[in-house]
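Student: what would the 3D arrangement of this be:
(6 chains)
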6 protein chains.
Amino acid sequence: MPTVSAHCDIPCKIYDPVSAQLAALSVIRFMDLIAELDGKDKLSAAEHAQFSRLVAEKENHAEKAKHEVRVIWGDYFKQPQFAKFPDTHDLVHRIMLAGSACKQGIAREKGEELLNLINEFAEAFWATKGVNTYTATCPYPPEQQVVYPKLD
Amino acid sequence: MPTVSAHCDIPCKIYDPVSAQLAALSVIRFMDLIAELDGKDKLSAAEHAQFSRLVAEKENHAEKAKHEVRVIWGDYFKQPQFAKFPDTHDLVHRIMLAGSACKQGIAREKGEELLNLINEFAEAFWATKGVNTYTATCPYPPEQQVVYPKLD
Amino acid sequence: MPTVSAHCDIPCKIYDPVSAQLAALSVIRFMDLIAELDGKDKLSAAEHAQFSRLVAEKENHAEKAKHEVRVIWGDYFKQPQFAKFPDTHDLVHRIMLAGSACKQGIAREKGEELLNLINEFAEAFWATKGVNTYTATCPYPPEQQVVYPKLD
Amino acid sequence: MPTVSAHCDIPCKIYDPVSAQLAALSVIRFMDLIAELDGKDKLSAAEHAQFSRLVAEKENHAEKAKHEVRVIWGDYFKQPQFAKFPDTHDLVHRIMLAGSACKQGIAREKGEELLNLINEFAEAFWATKGVNTYTATCPYPPEQQVVYPKLD
Amino acid sequence: MPTVSAHCDIPCKIYDPVSAQLAALSVIRFMDLIAELDGKDKLSAAEHAQFSRLVAEKENHAEKAKHEVRVIWGDYFKQPQFAKFPDTHDLVHRIMLAGSACKQGIAREKGEELLNLINEFAEAFWATKGVNTYTATCPYPPEQQVVYPKLD
Amino acid sequence: MPTVSAHCDIPCKIYDPVSAQLAALSVIRFMDLIAELDGKDKLSAAEHAQFSRLVAEKENHAEKAKHEVRVIWGDYFKQPQFAKFPDTHDLVHRIMLAGSACKQGIAREKGEELLNLINEFAEAFWATKGVNTYTATCPYPPEQQVVYPKLD
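Tutor: Okay, here's the model as predicted:
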């Protein structure tokens, strides 16, 4: 998964919420792997090291999810989009809070909340572009429901 | 000036809009230096190189300004702060647009707009913390008016 | 578009070539925007600045495309995958060369070549996971053909 | 708090030690939060994760403090400034060592030492610019004494 | 040791495997320091923090080793080089796997394997340039055998 | 060539000035390539793009050279080393200024000065470790004289 990133803001008109969705999926995945280690009686040094890595990557991907959403909201959403989806400011702010909660904690439901909010954002985004969407299980762990654009 | 950055979200409770203000001041400064080069008849290779550097740094600092504001808005602003400043979502979104305009163009008024909006954001931020503010000229180019907390 | 990035290598098992595909699409898009500027008689300072930004972003996204492919190839592809697709080493090396060509030049066919090779890589990747694919026009400029997984 | 960063060196003449001071304050804050966790009998997995994050952010901010000071010292300080403050080389080197000590340890006095040295550096910096300074408690945790420029 | 990095791909023709070798040496060194901590009965908070830092740096340097090798392989190695060293694709892929193993584990032999493979790569690289090599102990911990170019 | 980087400060005791030397060599190389373009009557769009890339990479590598020297000076040099080389503070400060000059200009002699100062620093560094050095032409463009440790 990509971690630190910066949007180009050219503007290139290539906006795709899939980057934020992938980051949120990764957050959930790291939470699951952290939970596996948490279930053990005692961690070996190698497992402690793995725990530390999982926390660091969870952090990076939660930040990435927040960043990617900020870019689409801050660059692409303007008057016509807000007219269709007047609650977008609030939705984006809730994504920011959910992203912070994912950094600060390890509870899976926080990761799921982040993904659900980003899916909602993705659905609105594609609707503003006149692109239909469908929901499917992503083809890798953590096998969550993800909103995709219908492309043919 | 610092450029790319990532907020810790610990939460450490150390929020300070001065980082965003410094970034916006830098954007204006780069625009001024770009305008100086733009005023010349023909650029030497060294001046072309300098032009290219100025554009790159303008980009970095506009991104930093957007990022720093997103962090304070997305981590610190919650119900009690929005109750006092109900237009914060909209103000932050205008900062995002102004930041993008600073990346995409070289017109000084776009930089001034970015700084003014961030000053407005800083004023609200300090008010939510019960800290008074004052406005002063920053002690370096581009010598703009900046909102600072009153600390004694 | 995301730019600099680092894969987590946890291993989290979340590999998705869409990040590399998005990066390659961005490269083509930047080449198109560069070509638009190149068609003008004389560039204003603002257009020169935009040219400089486009070159920088083209660079970042070509690097990102190379990096994302390296991660999937270097972490996920092992004996069973190579057995099915014995030319993968060579394909990946051609992607590296195409990515470098995109950094070094501005010719659109280099960008198209990069995307086509990454599409080929994506098709192989999904085949190794038993996921069918389809080809569709991506729902934004530069409106190229992209290989996507069939998810329902 | 901003973490990794790069100074532009345009030279833009916008030097402000406040970035280094904020980074040092953050280091102390992280040490305090680490000490809170250290006071507990047994850490939960979530607390272990938080510990790991605090260490990572302490590292980033100590590096940032060192970097910001290096930039001002290496770009702005020249013959006239050294004439006024002949011990600056040594002061900067002590800041580097204090920054490393903050990375390597968790003892609060190392963080305080870093801040104090940077305050001393800030005082010298503003003096070379003919700007008076005052000392005040920063308006957020860890509520340390910080040297600020007097701006009206 | 340098950590995150990006090759310029200008092409500047300055390729030197020493960067990858230094990164691999650092990985081994971090493993040794991790093993020292692992040998203790109980870690203090400061030692836990140090453990966390060592894991993070091991991660960074393993990524750097992979990245630096990818750059030389992906930019410099072309038909004439592959003619001389037809197994280079496979060697590079084994370096990627060894680098991942160094990220995921703490066993010193994985670090040694990474260094040995990179030494082999360095030897091939210098041979393609007609530069002789020699093997010597590097003048710092972990004092491993490193392949260097013979330069006079 | 590696560009942005961060030293680990573990301390790992792996200090090697070769990273700074490679960065300085790259700076000279980019200046030579810039000079080639500067010699042309009129630049095509592709050449303008290349010019822009060269400037950006020159910037990155000059920053890297400064950073790598700061790390060795700020982490490794202490009382015993300063006793042997009492002018190190001043030498390091001159490296900082030379690095800035390389960012700001395109004159080759600035790049040569940076390299020469870093070679001088490398010679002192190796002397403090009791390692002899020799000078040789580096085996790639720009084929400058570089100080290397004698290792057998």
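
Student: distance check, A:Asp38 against A:Arg108.
Tutor: Look at A:Asp38 and A:Arg108: by C-beta to C-beta, to the nearest Å, they are 11 Å apart. No exception for glycine: its C-beta is placed from N, CA and C like everyone else's.

Student: okay, the residue nearest the centre of chain A: pLDDT?
Tutor: Closest residue to the average C-alpha location of chain A: A:Ala24 at 2.9 Å, with C-alpha atoms, centre = their mean. Per-residue pLDDT puts A:Ala24 at 98.

Student: same thing with A:Asp32?
Tutor: So A:Asp32 comes in at 98 (pLDDT).

Student: that one: what's it in contact with?
Tutor: Shown in contact with A:Asp32 (C-beta atoms under 8 Å, 6 or more residues apart in numbering or on different chains): A:Arg108, A:Pro141, A:Pro142.

Student: tell me how far the second one lies from C:Phe125.
Tutor: Separation of A:Pro141 from C:Phe125 (C-beta to C-beta) stands at 16 Å.

Student: who has more neighbours, these two?
Tutor: A count of neighbours by other C-beta atoms under 10 Å in any protein chain shown puts C:Phe125 above the other of A:Pro141 and C:Phe125, at 26 against 15.

Student: nearest to chain E: which residue in chain A?
Tutor: A:Ala45 (4.0 Å; C-beta to the nearest C-beta).

Student: how about that residue: what's its closest non-neighbour residue?
Tutor: Among residues not flanking A:Ala45 along the chain, E:Asp38 sits closest, at 4.0 Å (C-beta to C-beta, 6 or more residues apart in numbering or on different chains).

Student: next, count neighbours for the one you found.
Tutor: 16.

Student: low-confidence ranges in chain A?
Tutor: A:1-8 (pLDDT under 70).

Student: tell me where it has helices.
Tutor: Secondary structure of chain A, counting by DSSP state H: helices at A:18-38, A:45-71, A:79-84, A:88-104, A:108-128.

Student: okay, buried residues for stretch A:38-53 please.
Tutor: Neighbour-count burial for stretch A:38-53, with 16 or more other C-beta atoms under 10 Å in any protein chain shown as criterion, is recorded at A:Asp38, A:Ala45, A:His48, A:Ala49, A:Gln50, A:Phe51, A:Ser52, A:Arg53.

Student: which pair of these spans the longest distance?
Tutor: Pairwise distances across these peak at 16.6 Å for A:Asp38 and A:Ala45 (criterion: C-beta to C-beta).

Student: got phi/psi on A:Gly105?
Tutor: Taking degrees, to the nearest 10, you get phi -130, psi -180 for the backbone angles of A:Gly105.

Student: show the contacting residues for it.
Tutor: D:Ala46, D:Ala49 are the contacts of A:Gly105 under C-beta under 8 Å, 6+ apart.

Student: just send the contacts of A:Asp32 back as a markdown table, with distance to chain B too.
Tutor: Shown next, in a markdown table, are the contacts of A:Asp32 (distance: C-beta to the nearest C-beta, whole Å):
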| residue | distance to chain B |
| --- | --- |
| A:Arg108 | 19 |
| A:Pro141 | 25 |
| A:Pro142 | 22 |
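
Student: nearest to B:Asp16, of those residues?
Tutor: For the contacts of A:Asp32, the nearest to B:Asp16 is A:Arg108 (33.3 Å; C-beta to C-beta).

Student: spatially nearest residue to the closest one (excluding sequence neighbours)?
Tutor: That would be A:Met31: by C-beta to C-beta, 6+ apart, it lies 4.8 Å from A:Arg108.

Student: hang on, that neighbour packs against A:Gly111?
Tutor: Yes: using C-beta atoms under 8 Å, A:Met31 makes contact with A:Gly111 at a distance of 4.9 Å.

Student: the two: which has the busier surroundings?
Tutor: For A:Met31 versus A:Gly111, the count of surrounding residues by other C-beta under 10 Å is larger for A:Gly111: 30 against 24.

Student: before we move on, the earlier item: grab the nearest non-local neighbour of the residue nearest to the centre of chain A.
Tutor: A:Leu115 (4.1 Å).

Student: just checking, the one you found touches A:Val147?
Tutor: No: judged on C-beta under 8 Å, A:Leu115 makes no contact with A:Val147 at a distance of 9.8 Å.

Student: so between the two, which is more surrounded?
Tutor: A:Leu115 (26 against 22).

Student: what sits against A:Tyr148?
Tutor: A:Tyr148 makes contact with A:Val18, A:Thr133, A:Tyr134, A:Thr135, A:Ala136, C:Leu151, according to C-beta under 8 Å, 6+ apart.

Student: same question, A:His93
Tutor: Applying C-beta under 8 Å, 6+ apart, the residues near A:His93 are B:Trp73, B:Gly74, B:Phe77, B:His89.

Student: neighbours of the residue nearest to the second one when sequence neighbours are not counted, how many?
Tutor: The one in question is B:Gly74. In space, and not counting its chain neighbours, B:Gly74 is closest to A:Met96: 3.0 Å by C-beta to C-beta, 6+ apart. Neighbourhood size, A:Met96 [other C-beta under 10 Å]: 22.

Student: likewise for the one 3 residues further on?
Tutor: When counting by other C-beta under 10 Å, one arrives at 32 neighbours for A:Gly99.

Student: wait, which of the contacts of A:Tyr148 is closest to chain D?
Tutor: A:Val18 (26.1 Å).

Student: please name the nearest non-neighbouring residue to the closest one.
Tutor: A:Val18 sits nearest to C:Val18 (C-beta to C-beta, 6+ apart), 5.8 Å away.

Student: isn't the one you found up against A:Pro17?
Tutor: No: look at C:Val18 against A:Pro17 with C-beta under 8 Å: they stay out of range, at 11.5 Å.

Student: quick one: contacts for A:Val146?
Tutor: So A:Val146 contacts A:Gln21, A:Leu25, A:Leu115, A:Asn119, A:Thr135, A:Ala136, A:Thr137, A:Cys138 (C-beta under 8 Å, 6+ apart).

Student: flag every buried residue along stretch A:128-138.
Tutor: So, applying 16+ other C-beta under 10 Å, buried residues of stretch A:128-138: A:Thr128, A:Thr133, A:Cys138.

Student: now the residues you listed as TSV including distance to chain B?
Tutor: Below are the buried residues of stretch A:128-138 laid out as TSV (distance: C-beta to the nearest C-beta, whole Å):
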residue	distance to chain B
A:Thr128	15
A:Thr133	24
A:Cys138	25
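
Student: now do stretch A:14-33: distance to the chain's middle.
Tutor: Remark: stretch A:14-33 is offset 4 Å from the chain centroid, using C-alpha atoms, centre = their mean, to the nearest Å.

Student: ok, A:Val147 to C:Glu143 distance?
Tutor: Look at A:Val147 and C:Glu143: by C-beta to C-beta, they are 21 Å apart.

Student: also A:Leu22?
Tutor: From A:Leu22 across to C:Glu143, the span is 22 Å (C-beta to C-beta).

Student: looking at these two, which has the bigger crowd around it?
Tutor: A:Leu22 (25 against 12).

Student: hmm, the more buried one is touching C:Leu22, no?
Tutor: No: with contact defined as C-beta under 8 Å, A:Leu22 does not reach C:Leu22; the gap is 10.2 Å.
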